[in-house]
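Trainee: Using only what follows, build the 3D model:
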Amino acid sequence: MARVAFIEEQDHPELVPLIARIKAERGKVIDLYKVLLNSPAVMEGWLAFFTAIRQKSKLGGRFRELAILRVAIVNRAEFEYQAHLPFALEEGVRAEQIAALETWQIASVFDAAERAVLAYSDSMTREIQVPDALFAQVQQHFDAQELVELTATIAGYNLVSRFLEAMQVHPQRPG
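Mentor: Sure, this is the predicted structure:
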């Protein structure tokens, strides 16, 4: 159970326009958004930022979703991980790659660009400061715009996982 109440549309007519925007951009109002709706201004900013990352960036979706899944694994954010599995598959991340994400360093299913993304995700998530040699490795595969978008994706999804875990927003269990 989340640490704050879920905001339900029928109880907050003043939020109908914002909730309609969430539905239009995301398809549905997931539990994360029901928590964020406790602060409409934060929800609006969140929506704008993550819409830019997920729907308006040049960075390939496969790289984005690999980074997001790896951040979720490192941060033990099950909701984030489960929410992004379908997106990862849609973007071309293979099932054997998903299975190997825990131990990607020794797996043979990732190419050089994917390995760079995973190493960058680990470094940004665990150490915060990224060594120059690692950044140079990532830079071999992405232009400046893609580097900014990849960095924002990793940073942003660290925000997501930390928010989910602090607020105890967890995947719904059947039954």
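Trainee: any weak-confidence spans in this protein?
Mentor: Within the chain, the stretches with pLDDT under 70 are 172-175.
Trainee: Please write out the alpha-carbon positions of whatever helix or strand Leu47 lives in in CSV.
Mentor: Assigned by DSSP states H and E, Leu47 belongs to helix 40-55. The C-alpha trace of helix 40-55 is given here as CSV (Å, rounded to 0.1, in the frame of the first residue of the first chain):
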residue,chain,number,x,y,z
PRO,A,40,-0.9,18.6,-9.5
ALA,A,41,2.1,20.9,-10.2
VAL,A,42,4.6,18.0,-9.6
MET,A,43,2.4,15.7,-11.8
GLU,A,44,2.4,18.3,-14.6
GLY,A,45,6.1,18.7,-14.5
TRP,A,46,6.7,14.9,-14.3
LEU,A,47,4.4,14.3,-17.2
ALA,A,48,6.2,16.9,-19.4
PHE,A,49,9.7,15.6,-18.5
PHE,A,50,8.9,12.0,-19.0
THR,A,51,6.9,12.6,-22.2
ALA,A,52,10.0,14.3,-23.6
ILE,A,53,12.2,11.4,-22.6
ARG,A,54,9.9,8.6,-23.8
GLN,A,55,8.1,10.2,-26.7
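Trainee: Check which helices and strands the very next helix or strand once past it sits against.
Mentor: As assigned by DSSP H and E, the chain's next helix or strand after helix 40-55 is helix 61-75. For helix 61-75, the packing partners by 3 or more Cβ pairs under 8 Å, 6 or more residues apart in numbering; DSSP states H and E come out as helix 78-90, helix 112-126, helix 144-166. Every residue, glycine included, has its C-beta placed from N, CA and C.
Trainee: what angle separates helix 61-75 from helix 40-55?
Mentor: With axes from the mean of the first three to the mean of the last three Cα atoms, to 10 degrees defining the directions, helix 61-75 sits at 130 degrees from helix 40-55.
Trainee: before we move on, the earlier item: counting by contacts, list what the helix holding Leu47 packs against.
Mentor: helix 16-26, helix 31-36, helix 144-166.
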